[in-house]
Structures are given as C-alpha cells and as structure tokens.
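S.K.: how does the following fold in three dimensions:
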Amino acid sequence: MNKVHFVGAGPGDKELITLKGYKLLSNADVVIYAGSLVNPELLEYCKEGCEIHDSAYMNLQEIIEVMEKGIKEGKSVVRLQTGDFSIYGSIREQAEDLAKLNIEYDCTPGVSSFLGAASALGAEYTVPEISQSVIITRMEGRTPVPKRESIESFAAHQTSMVIFLSIQEIERVVERLIDGGYPSTTPIAVVYKATWPEEKIVKGTLEDIATKVKGEDIRKTALIMVGEFLGKEYNNSKLYHKDFVHEFRG
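M.R.: Numbers count the residues shown, from 1 in each chain. Down below sits the predicted model:
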C-alpha cells in the first residue's frame, strides 16, 4: 500500500522546499495543502491532473477521508504543511488517525520559518559569549501552554528567543518578556511572512516595538525574535550591516 507523504513546504519562498519535497510534490496525484499558510506558487510544481485540496476549508475528518480514498485508489498522496511540520505543524492527530486505518506515512522535513526569518535578518541565533541556546515558544491562546513554559520563565534566561503565533498580542508579549527579565532596551525584530515576496521586517527594542508593529498593521503570520544576538557588532556576516545595529540602538 502507498504511504501518505507529509512534506514541509518551507517558510514561503517556493525555491526553499527541499529537493526531496519537490520530487514528492511534483509526482503527487493528490495534494492537501495548508491553505494561506503555504505559498500557492508551490502548487505550480504539481503535475497536470493532480487533485488539489485546500485544508483551510476542511476539518480533520475530511482531510483523513481524502487521504484514505487516495491511498485505496493507489494514488500518491502528499500533505503539504507550512514550514517544517515538527514545529506547530499539527500532524500528530493526522498520524494517529492514519494509524487507526493501518495507513503508513513518512515525513520529509522543511525549512522552518524561524530559520527563514534569521536569514532575512542576516542574524545568527547562537553566538559565543552571547547565546548558545534558542528558545522556540508561543503565547497561550486557544491552545494552552503549560505553566512551566510561560514567557516569563523563558525570559529569565535572556537567551535568543523566537515566539510563534503571538503577534496579535505583541503588547502583552513585550510586557511579559520584561517581567521575566529582559531589559527594556533589548533588541527585538518582527518578521512578517519571512521569505515571501511580501516579507516585512520591523526592528526596534522592547520599549518601542509594539508601536512600530501596530503602525505597520501586522496582525498575523509573523515571528517575534528577541535577544542580544540581534544587536551586537560581533557578527561578521556580510549580511549583518552596521546600520542594522544602529537602527536597533538609535
């Protein structure tokens, strides 16, 4: 029996899908893609006659039914997830339902948006004497967050941090980062749709970033990046210009 292929689509740029992911996508008979979170230009890789479904208009049961039908018909089925599905990808429920149906699956990783955002800034998360760890987290919302994983508890480390799915509450995020231990002068960046054609970068400090983000009307599909890795001139990358640092520090 065929397998369902979970494929990470990458952060946005259609060329940032992996070669293996591209091959699976271009050979697929059925593709279920993650709605507006996946750049629709990636669907140009699909072959003529491919059956394409937008999961933004489907519930979990409908997604599983399309997968099951495709597999039973001997078709190649690809589930195209945003970024890399291992970070807020929500594939666990799908995998559990496939197991109940005795349908096998495999996973092809993708480039996560937190990596695309760092590249957009020409930044390095891990720099000697500054930070050797990266915290990836989110604010609680419809999906709860364990109390031991609060923004404040992570902020106490003052290491590099990337916050997903929280831009709509940027003021609250900033408040909790400061409460947890980051100085108000800590550099911070918001990257909207990293690597997409409409990518937008807003830079500042914890003191002013909320005002700047509201001024750009950014309300979704953006990452919050915070830490001293964004504001030091030790980074020798050609992409990391001095005027970038000056914009942080004023």
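
S.K.: do a quick rundown of the helices in the protein.
M.R.: Using DSSP state H, the helices of the chain run over 19-27, 60-72, 92-100, 113-121, 151-155, 170-180, 209-215, 242-249.

S.K.: deepest in the core, which of those helices is it.
M.R.: helix 113-121 (a mean of 22; mean count of other Cβ atoms under 10 Å). For the C-beta atoms, the positions are set from N, CA and C on the backbone; glycine is no exception.

S.K.: who's in contact with the nearest residue to Gln132 once chain neighbours are set aside?
M.R.: Leaving aside its sequence neighbours, Gln132 sits nearest to Thr126 (Cβ to Cβ, 6 or more residues apart in numbering; 5.3 Å). Going by Cβ atoms under 8 Å, 6 or more residues apart in numbering, Thr126 touches 132-134, 160, 229.

S.K.: what does Ala189 give?
M.R.: Applying Cβ under 8 Å, 6+ apart, the residues contacting Ala189 are 117, 121, 123, 201-204, 224-226, 230.

S.K.: for it, give me the pLDDT.
M.R.: Here the pLDDT value assigned to Ala189 is 96.

S.K.: for it, give its distance to Gly231.
M.R.: 10 Å (Cβ to Cβ, to the nearest Å).

S.K.: likewise for Ala9?
M.R.: From Ala9 across to Gly231, the span is 31 Å (Cβ to Cβ).

S.K.: report the outermost residue of the protein with respect to its centre.
M.R.: Ranked by distance from the centre of the chain (Cα atoms, centre = their mean), the top residue is Glu73, with 33.0 Å.

S.K.: before we move on, back to that, of the contacts of Ala189, closest to Asp179?
M.R.: Distance to Asp179, by Cβ to Cβ, is smallest for Val226 among the contacts of Ala189, at 13.4 Å.

S.K.: wait, doesn't that closest one sit right on Pro187?
M.R.: Yes - the pair Val226 / Pro187 is scored as a contact, 7.4 Å apart, by Cβ atoms under 8 Å.

S.K.: OK, contacts around the residue nearest the centre of the chain?
M.R.: For the chain, the residue nearest the mean C-alpha position is Ser113 (3.7 Å; Cα atoms, centre = their mean). Neighbour list for Ser113: 11-12, 82-83, 164, 194-195, 223 [criterion: Cβ under 8 Å, 6+ apart].
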